[in-house]
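Trainee: test case, fold it:
(one chain, ligands or ions: 1)
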Amino acid sequence: MPIYEFQCEDCRRVTSALILKPREESEILCEHCGSSRLRRILSRFAYHKTEAQRLKEFDTRAPRDDSFYKDSRNIGLWAKKRAQELGADLGPQFDEVVERARTGKILEDYGDS
Ligand SMILES: [Zn+2]
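Mentor: As a prediction, this is how the structure comes out:
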């Protein structure tokens with residue numbers, strides 16, 4: 001299904017929307033503040049495809065500015081990397097998601113068609 005995520009230029013929060021017709025994309029409003037100034041960002045599913053690579057290159061000790069923390073995807077990445085560094089067990093559910101992303105099955109379940 002064509003689910004896209006948009007980041008609000010005003011409040012910086014993310015709105016997810018199901019886009020059935022290209023025209024609808026310009027009519028999306030921020031679900032948090034009602035702004036129409038939205039910018040499309042990578043979907044969670046596209047992000048999962050490259051997460052392993054990003055995780056590998058991710059440096060949890062590198063300095064970051066405020067914009068880093070406003071992107072929830074970066075927070076998730078940071079948390080996973082830190083958990084790995086600390087040797088934490090992320091559990092079978094995490095492994096399943098990674099495996100589904102790795103094999104491309106997650107794209108069959110959620111992919112655009
Ligand atoms: Zn907003």
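Trainee: spell out which residues of this structure are next to the ion.
Mentor: C8, D10, C11, C30, H32, C33, S35 (C-beta under 5 Å from the ion). Where C-beta positions appear, they are placed from N, C-alpha and C, glycine not excepted.
Trainee: out of these, which are inside strands?
Mentor: C8 (DSSP state E).
Trainee: in PyMOL, how would I select the buried members of the residues of the chain next to the ion?
Mentor: With 16 or more other C-beta atoms under 10 Å as the criterion, this PyMOL line picks the buried residues out of the residues of the chain next to the ion:
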select buried, resi 8+30
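Trainee: shaky segments in this protein?
Mentor: Low-confidence segments of the chain (pLDDT under 70): 1, 43-51, 63-76, 89-113.
Trainee: domain map for it?
Mentor: Each structural domain of the chain that the record assigns through automatic domain parsing is listed here as a residue range: 3-41, 48-110.
Trainee: buried sites along the shortest one?
Mentor: Put plainly, it is domain 3-41. Along domain 3-41, these residues count as buried under the neighbour rule (16+ other C-beta under 10 Å): Y4, E5, F6, Q7, C8, V14, T15, A17, I19, I28, C30, L38.
Trainee: tally of neighbours for the spatially closest residue to E85 that is not a sequence neighbour?
Mentor: By the measure of C-beta to C-beta, 6 or more residues apart in numbering, the closest residue to E85 outside its immediate chain neighbours is T60, 6.7 Å from it. Residues contacting T60 under the criterion other C-beta atoms under 10 Å number 13.
Trainee: rewinding a little: closest to A52 among the buried residues of domain 3-41?
Mentor: When these are compared for distance to A52, the smallest value, 20.4 Å, is given by E5; criterion: C-beta to C-beta.
Trainee: show me what contacts the residue nearest to R37 when sequence neighbours are not counted?
Mentor: Residue nearest to R37 in three dimensions, not counting chain neighbours: E9, with 3.9 Å by C-beta to C-beta, 6+ apart. Contacts for E9 were tallied using C-beta atoms under 8 Å, 6 or more residues apart in numbering; they are S35, R37, L38, R39.
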